[in-house]
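Peer 1: Curious how this folds, go ahead:
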Amino acid sequence: WGHVINSHWVINKITSSIMWNLVGAYYHGTNWYGSSMMTSVEPWSGHYEVNPVIWATAHVTQFTEIGWNYLLNGTGSGELPNG
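Peer 2: Numbering: from 1, shown residues only. Just a heads-up that it's a prediction; the model follows:
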């Protein structure tokens, strides 16, 4: 997910990404289990699990301030030579 957020800007100049859905309440064994930022198999119980993707999101979204801008490719932003 962190790679997706960063590559959106580097490759396509996209500054917004949507993670759908934020809290998943799917049973184990389904295709969507664990694909959300948080998982709550039994939401009525109040129990939930924080998935690693939430920390990746925090890492790339919480260090900016209002007014900061992305750097253009070639001026501090871009793809690394070896990927």
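Peer 1: Going by C-alpha atoms from here, please, whenever you check contacts or count neighbours.
Peer 2: Fine.
Peer 1: tally of neighbours for residue 14?
Peer 2: 12 (other Cα atoms under 10 Å).
Peer 1: Tell me who's in contact with it.
Peer 2: Taking Cα atoms under 8 Å, 6 or more residues apart in numbering, we find residue 14 in contact with residue 8.
Peer 1: Could you do residue 68 as well?
Peer 2: Neighbours of residue 68 in contact, by Cα under 8 Å, 6+ apart: none.
Peer 1: Tell me which stretches of the protein form helices.
Peer 2: Using DSSP state H, the helices of the chain run over residues 2-12, 52-61.
Peer 1: Only alpha carbons, please: show the longest one as CSV.
Peer 2: Below are the C-alpha coordinates for helix 2-12, written out as CSV (Å, rounded to 0.1, in the frame of the first residue of the first chain):
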residue,chain,number,x,y,z
GLY,A,2,2.8,2.4,0.8
HIS,A,3,4.3,1.6,-2.7
VAL,A,4,0.9,2.3,-4.3
ILE,A,5,0.5,5.7,-2.6
ASN,A,6,4.0,6.8,-3.6
SER,A,7,3.9,5.5,-7.1
HIS,A,8,0.6,7.3,-7.7
TRP,A,9,2.6,10.6,-7.6
VAL,A,10,5.8,9.4,-9.2
ILE,A,11,4.2,7.7,-12.2
ASN,A,12,0.9,9.6,-12.7
